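K.L.:
I need the structure of the sequence given here:
(2 chains)
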2 protein chains.
Amino acid sequence: MTDTNPQRALITGATGFIGSRLVQHLVRDGVETAIVARPSSSFDQLGGAANQVEVLRHDGSTSQLTEFVGKFSPEIVFHLAANFIGVHSSDDVAPLVADNVAFTAQLCEAMVTGDIRCLVAAGTVWQHAKSPPGDPIPTPNSLYAATKQAAEDIIAYYAQTGALSSIALKIYDSYGPGDTRPKLLSALAAKSAAGETLDATSGKQQLHLVHVDDIAAAFRHAGEMLISGQSSGHQSYTLPSDEAVDLQTLVAIWQEATGRTIDVAWGARPDRPGEIMVPWEGTRLPGWTPKTPLKTGFKTLFDA
Amino acid sequence: MTDTNPQRALITGATGFIGSRLVQHLVRDGVETAIVARPSSSFDQLGGAANQVEVLRHDGSTSQLTEFVGKFSPEIVFHLAANFIGVHSSDDVAPLVADNVAFTAQLCEAMVTGDIRCLVAAGTVWQHAKSPPGDPIPTPNSLYAATKQAAEDIIAYYAQTGALSSIALKIYDSYGPGDTRPKLLSALAAKSAAGETLDATSGKQQLHLVHVDDIAAAFRHAGEMLISGQSSGHQSYTLPSDEAVDLQTLVAIWQEATGRTIDVAWGARPDRPGEIMVPWEGTRLPGWTPKTPLKTGFKTLFDA
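P.N.:
Residues are numbered from 1 along each chain as shown, chains lettered A, B, ... in the order given. Predicted structure coming up:
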């Protein structure tokens, strides 16, 4: 990547898995960095970088956010804040819309008011869960994904006014050291350490699993595309691995890379109804490819 | 229209111009009707119908809405509640998302929880302000229209789960007796009564102006399509007049119909930058056409 660094970057979702890694990279490279966090957010995942960033503890108001964004005046905003709920209950509905849609609108408004033009926003391929390959018509498979799609509509509106240039990066699956999310790789590590059998589905479902460092690089590359004027209006891209792999292959690579063994009972659980066996393929972010093969990435998992 | 009536209908936005007319029609035809209103809403526009409907003063919670919807158990929900702001300021951002997106999500959730399947929701053609004719890709020209598009994404998600069947009706312009909104026809009446000249733009912009009784009929027809199973999943239709007319023609018809005269200085004001001169044409609601010619409709304007 021959991208140049912005001088000043603002990040939302900086206390999450991908956001915290992005902040660490920016701070390492001398980018003045500010983050917007909830009053209750823990900065544990940020490590030492937490002391090297400017922090807004956002009270939820548009006015406070607008003042902070205007004063810090970043060249680029990386918007990774999201409320992820896989299967929602009634009580989740209002918070999902507030956190994913309203906050995105407030951020866009704050940017436009402060004449901040460049926005890279995290999306999810689940916005297109049931779309045919390449079809941009959204088909979210969860209320979470529907609110992410709604948020992208709002971003696209602001971009259409000419006041904003934006890129939505639709993420598949991510992994890396320090990932505490309850996902497949955590389950593998736990079951392997305990010497227990992992009851799994058919293992035929394919996925794009991308190392967090590669995803962080994608955000910075998209930022550079916006700052340089190479991209304008609103664009939407995906961040796939070079090739989707099925779960069974993935577990085999994991064992080879980590030297650990795991007993998996494939087919012990049924595939979920409506399970997506082949992920939607959109348009990959131009000029970016993931650099970390799964085997290399898996080797680093237990280094953190 | 040979549509049969539902036994029980629930309406949001019932205190607005179109919603109140729809409620009056339903009550007149013996449909048991419930409305969801804000604690602060005035029922003036509902007239005598206000005493013939069941009312929820919604406290904003999903739980209260869910309980009310479940208990009333309507066959059809007409969702017309909206917060309309033509040109928003920063302070409007959070309320626009809350009123237009979050409330829509809460309503869908309440319906699904109560096993209520049929939803007709009001949209706006401004969701497609800059789209080529027939192109369904949204291009909202205001944050209001962007939040309506975001709300439709949420509805489409619920419909895609199979728990809901929905139709979005995209409204152009509406008019009728009792319309107190600050729109063209009000301005014509006021200036004509005062004997003043109305400074206008070129008057070349075309619009679809539809009588409120025809729009109310469209909602009921769409409801019937859902209840009968003729329509399923999520569908999106427009409610155009038979033919778009330009403003100059419209004023000529108004004068002829009402017997009033108005002095209009066409071109005294410039057309707004980005003004939409020819409205987007989508797919008209099947089985529905407006029955009220402009001349007939204009004649009734001063009868209220």
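K.L.:
quick one: residues contacting A:Ile262.
P.N.:
By Cβ atoms under 8 Å, 6 or more residues apart in numbering or on different chains, A:Ile262 lies in contact with A:Leu188, A:Lys191, A:Ser192, A:Leu198, A:Val251, A:Trp254, A:Gln255. In this view, the C-beta of every residue, glycine as well, is placed from N, C-alpha and C.
K.L.:
residues near the residue lying closest to it once chain neighbours are set aside, how many?
P.N.:
When the adjacent residues along the chain are set aside, A:Ile262 lies closest to A:Ser192, with 4.3 Å between them (Cβ to Cβ, 6 or more residues apart in numbering or on different chains). A count of neighbours around A:Ser192, defined by other Cβ atoms under 10 Å in any protein chain shown, yields 18.
K.L.:
check the one 4 residues further on too.
P.N.:
Here the count is done by other Cβ under 10 Å, and A:Glu196 has 11 residues near it.
K.L.:
in the helix or strand bottoming out on mean pLDDT in chain A, what's buried?
P.N.:
Lowest on mean pLDDT, DSSP states H and E among the helices and strands of chain A sits helix A:184-194, with a mean of 89. Residues A:Leu184, A:Leu185, A:Leu188, A:Ala189, A:Lys191, A:Ser192 are the ones in helix A:184-194 that count as buried (16 or more other Cβ atoms under 10 Å in any protein chain shown).
K.L.:
in the sheet, who's paired with A:Leu239?
P.N.:
Beta-bridge partners for A:Leu239, by DSSP bridges, are A:Ile171.
K.L.:
tell me the contacts of it?
P.N.:
So A:Leu239 contacts A:169-172, A:208, A:210, A:214-215, A:218, A:284-285, A:288, A:290 (Cβ under 8 Å, 6+ apart).
K.L.:
between these, which is closest to chain B?
P.N.:
Nearest to chain B out of the contacts of A:Leu239 is A:Lys170 (Cβ to the nearest Cβ; 15.1 Å).
K.L.:
surely the closest one meets A:Ala129?
P.N.:
No. Applying Cβ atoms under 8 Å, one finds A:Lys170 not in contact with A:Ala129, separated by 11.1 Å.
K.L.:
give me the more crowded residue out of the two.
P.N.:
A:Lys170 (24 against 18).
K.L.:
quick one: contacts for the more buried one?
P.N.:
A:Lys170 makes contact with A:Gly123, A:Thr124, A:Val125, A:Gln127, A:His128, A:Ser236, A:Tyr237, A:Thr238, A:Leu239, A:Gly282, according to Cβ under 8 Å, 6+ apart.
K.L.:
and which of these is nearest to chain B?
P.N.:
For the contacts of A:Lys170, the minimum distance to chain B (Cβ to the nearest Cβ) is 9.1 Å, reached by A:Gln127.
K.L.:
what about the closest one, neighbour count?
P.N.:
A total of 29 residues lie near A:Gln127 under the criterion other Cβ under 10 Å.
K.L.:
a helix runs through it, doesn't it?
P.N.:
Yes. Counting by DSSP: H, G, I helix; E, B strand; the rest coil, A:Gln127 is found in a helix.
K.L.:
where does the closest residue to it other than its chain neighbours land in three-state SS?
P.N.:
Excluding the flanking residues, the one nearest A:Gln127 by Cβ to Cβ, 6+ apart is A:Gln149, at 4.5 Å. Classification of A:Gln149 by three-state DSSP places it in helix.
K.L.:
avg pLDDT for the host helix or strand of A:Ser63?
P.N.:
Per DSSP states H and E: A:Ser63 is located in helix A:62-72. Mean pLDDT, helix A:62-72: 98.
K.L.:
now do stretch A:82-92
P.N.:
Averaging pLDDT along stretch A:82-92 gives 94.
K.L.:
if you count neighbours, what's buried in stretch A:291-300?
P.N.:
Buried residues in stretch A:291-300, counting neighbours by 16+ other Cβ under 10 Å, are found at A:Thr292, A:Leu294, A:Gly297, A:Phe298, A:Lys299, A:Thr300.
K.L.:
endpoint to endpoint, it covers what distance?
P.N.:
14 Å (Cα to Cα, to the nearest Å).
K.L.:
ok, now stretch A:38-56?
P.N.:
End-to-end distance of stretch A:38-56 (Cα to Cα): 8 Å.
K.L.:
how about it and chain B, touching?
P.N.:
No. Counting by Cβ under 8 Å from any Cβ of the partner chain, chain B is not contacted by stretch A:38-56; separation bottoms out at 15.6 Å.
K.L.:
residues making contact with that stretch?
P.N.:
The contact list for stretch A:38-56 (Cβ under 8 Å, 6+ apart) reads A:14-17, A:20, A:23-24, A:27, A:32-37, A:57-59, A:64-65, A:68, A:72, A:178.
K.L.:
chain center to it: distance?
P.N.:
Distance of stretch A:38-56 from the chain centroid (Cα atoms, centre = their mean, to the nearest Å) equals 18 Å.
K.L.:
so for that stretch, what gets flagged as buried?
P.N.:
By neighbour count on 16+ other Cβ under 10 Å, the buried set for stretch A:38-56 is A:Ser41, A:Phe43, A:Gln45, A:Leu46, A:Ala49, A:Ala50, A:Val53, A:Val55, A:Leu56.
K.L.:
again with stretch A:241-253
P.N.:
Under 16+ other Cβ under 10 Å, the buried positions of stretch A:241-253 are A:Ser241, A:Ala244, A:Val245, A:Asp246, A:Leu247, A:Leu250, A:Val251, A:Ile253.
K.L.:
next one, pLDDT for the residue of chain A most remote from its centre please.
P.N.:
Distance from the C-alpha centroid of chain A peaks at A:Gly195, with 31.8 Å (Cα atoms, centre = their mean). As summarised for this prediction, A:Gly195 has a pLDDT of 94.
K.L.:
any idea how far it is from A:Arg260?
P.N.:
According to Cβ to Cβ, to the nearest Å, A:Gly195 and A:Arg260 sit 11 Å apart.
K.L.:
what does the stretch 1-150 of chain A put close to chain B?
P.N.:
A:61-63, A:66, A:90-91, A:93-94, A:96-98, A:101-102, A:105-106, A:109-110, A:113, A:130, A:136, A:138-143, A:145-147, A:149-150.
K.L.:
from these, which land in helices?
P.N.:
Among the residues of the stretch 1-150 of chain A next to chain B, the residues falling in helices (DSSP state H) are A:62-63, A:66, A:93-94, A:96-97, A:105-106, A:109-110, A:113, A:143, A:145-147, A:149-150.
K.L.:
kindly give a single ChimeraX line that selects the buried subset of the residues you listed.
P.N.:
Selection command for ChimeraX covering only the buried members of these, criterion 16+ other Cβ under 10 Å:
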select /A:62,66,93,94,96,97,105,106,109,110,113,143,145,146,147,149,150
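K.L.:
still on that earlier bit, can you narrow the buried residues of stretch A:291-300 down to the ones near chain B?
P.N.:
Residues of the buried residues of stretch A:291-300 in contact with chain B (Cβ under 8 Å from any Cβ): none.
K.L.:
which pair of these spans the longest distance?
P.N.:
Across the buried residues of stretch A:291-300, the longest distance by Cβ to Cβ is 11.2 Å; it joins A:Leu294 and A:Thr300.
K.L.:
just checking, what packs against the helix or strand harbouring A:Ile154?
P.N.:
If you go by DSSP H and E, A:Ile154 is part of helix A:143-160. Counting by 3 or more Cβ pairs under 8 Å, 6 or more residues apart in numbering or on different chains; DSSP states H and E, the packing neighbours recorded for helix A:143-160 are helix A:93-97, helix A:103-113, strand A:118-124, strand A:165-171, strand A:234-239, helix B:143-160.
K.L.:
now render those as a markdown table, adding distance to A:Ala268.
P.N.:
Listed next are these as a markdown table, based on distance: least, Cβ to Cβ, whole Å:
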| stretch | distance to A:Ala268 |
| --- | --- |
| helix A:93-97 | 32 |
| helix A:103-113 | 40 |
| strand A:118-124 | 28 |
| strand A:165-171 | 29 |
| strand A:234-239 | 31 |
| helix B:143-160 | 30 |
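K.L.:
among these, which is nearest A:Tyr157?
P.N.:
Minimum separation from A:Tyr157 across these (Cβ to Cβ) falls at helix B:143-160, 3.6 Å.
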